[in-house]
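[1] Structure here, sequence nowhere to be found:
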DNA sequence: CTGAGAGGTGAAGCGACTGTGAACGAGTGG
DNA sequence: CCACTCGTTCACAGTCGCTTCACCTCTCAG
């Protein structure tokens, strides 16, 4: 079985050393994430999830795909882990940036990672985009 | 019994990764549909129906065939589900593109999927074709 | 015109899916 | 040994959309 460290290390090489995601600044190589200069305290899994925008730019990603990318193994039937981590990420991100939303649910499909500021309506991505 | 997720995943592999349908842009692999840069909010079933043009280019399709393609099982006697979803699709599409029509009824036969703009009469498909 | 059949429409029940809070155990550092 | 963090799992609650139903409209044959 693959350890967290190994799985994460394997992924890092495929990612850019740094990129921005809306108001967030992410540096995979350092395991660092900040929101408007406020450093975020993320766990390894949470950080792995936040790397998703670097892998797929704004498209809708299935849970299976997300899990495979972060955990390095196929998602098992009935496994709710992805949902739990999405929630934790949402909590931390909304604490740092209350007016922003980053992870959008697509029922029966998966999630779409896209920054959206509720005070700048009409600009960014819609909640549902099938 | 087959879950929605499984049925949907099975279909995706048979479709092109992206195609256009009149002013619509569709990406089956991402569960994404947009109308003139406006992202459409479709459910899994609605999206499955909109994939029809990728399977049959412009010909009239029987309800039985449509149901089998999207639901993955034969249509039962008296089942009106296809009609309900056609209506929902029409509503959403007409909201996004009021001057366009995409799904044309052929009484006693089925539906024909073809983009038609009412402001460009003479060019595109007639409402009834027999 | 009238009736029958086909399709359109609106609403509602129910099950599937997702969100949420909490508990447990493994791992780590003091 | 304890305190802490994090990953994982579970049960429950809330939401969403699939399906079904009843009723209406349209079309056409006679």
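    Ah, there it is. Just so you know, these numbers come straight off a predicted model, no measurement behind them. Numbering: from 1, shown residues only, chains lettered A, B, ... in the order given.
[2] Might you enumerate the residues of chain A proximal to DNA strand C?
    Applying Cβ under 7 Å from any atom of the strand, we find that chain A lies next to DNA strand C at A:63, A:80, A:83-84, A:86-87, A:90, A:105, A:107-110. No exception for glycine: its C-beta is placed from N, CA and C like everyone else's.
[3] Just the buried ones from those residues?
    A:63, A:86, A:109-110 (16 or more other Cβ atoms under 10 Å in any protein chain shown).
[4] if we can go back for a sec, inside strands: which ones of the residues of chain A next to DNA strand C?
    Judged by DSSP state E, the subset of those located in strands is A:105, A:110.
[5] and the residues of chain A next to DNA strand C near chain B, which?
    Of the residues in these, proximity to chain B by Cβ under 8 Å from any Cβ of the partner chain holds for A:107-110.
[6] beta partners for residue A:105?
    Assessed by DSSP bridges, residue A:105 has beta-bridge partners residue A:111.
[7] shouldn't it be in contact with residue A:111?
    Yes. Using Cβ atoms under 8 Å, residue A:105 is in contact with residue A:111, at 6.0 Å.
[8] just the helices in chain A please.
    A:4-12, A:44-50, A:52-55, A:63-71, A:81-96 (DSSP state H).
[9] Same list (the ones you listed) but as TSV, adding mean pLDDT and distance to DNA strand D.
    Below are the helices of chain A laid out as TSV (pLDDT from 0 to 100; distance: least, Cβ to the nearest atom of the strand, whole Å):
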stretch	mean pLDDT	distance to DNA strand D
helix A:4-12	45	6
helix A:44-50	92	3
helix A:52-55	84	15
helix A:63-71	93	6
helix A:81-96	93	4
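[10] Could you report the distance from residue A:53 to chain B?
    According to Cβ to the nearest Cβ, to the nearest Å, residue A:53 and chain B sit 14 Å apart.
[11] so who does that residue touch?
    A:19, A:21, A:113-114 (Cβ atoms under 8 Å, 6 or more residues apart in numbering or on different chains).
[12] Let's see which of these end up in strands.
    Among the contacts of residue A:53, the members falling in strands (DSSP E) are A:19, A:21, A:113-114.
[13] quick one: the closest residue to residue A:96 other than its chain neighbours from residue A:50, how far?
    Among residues not flanking residue A:96 along the chain, residue A:35 sits closest, at 3.9 Å (Cβ to Cβ, 6 or more residues apart in numbering or on different chains). From residue A:35 across to residue A:50, the span is 11 Å (Cβ to Cβ, to the nearest Å).
[14] Residue A:72 and residue A:99: what is the separation?
    From residue A:72 across to residue A:99, the span is 34 Å (Cβ to Cβ).
[15] Of these two, which one has the most company?
    Set residue A:72 next to residue A:99 and count neighbours by other Cβ atoms under 10 Å in any protein chain shown: residue A:72 wins out with 17 against 11.
[16] Do you know the pLDDT at that one?
    At residue A:72, the pLDDT value in this model is 90.
[17] Could you do residue A:77 as well?
    pLDDT, residue A:77: 85.
[18] For burial, what's the neighbour tally of it?
    Using other Cβ under 10 Å, residue A:77 has 6 neighbouring residues.
[19] And it, its phi and psi?
    Per-residue torsions, residue A:77: phi -50, psi 130 (degrees, to the nearest 10).
[20] ok, now how distant is the most centrally placed residue in chain A from residue B:21?
    Residue closest to the average C-alpha location in chain A (Cα atoms, centre = their mean): residue A:50, at 2.7 Å. Going from residue A:50 to residue B:21 by Cβ to Cβ gives 34 Å.
[21] hang on, the earlier thing: okay, the ones in strands among the contacts of residue A:53 in JSON lines with distance to chain B next?
    Formatted as JSON lines, the ones in strands among the contacts of residue A:53 follow (distance: Cβ to the nearest Cβ, whole Å):
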{"residue": "A:19", "distance to chain B": "20"}
{"residue": "A:21", "distance to chain B": "18"}
{"residue": "A:113", "distance to chain B": "12"}
{"residue": "A:114", "distance to chain B": "10"}
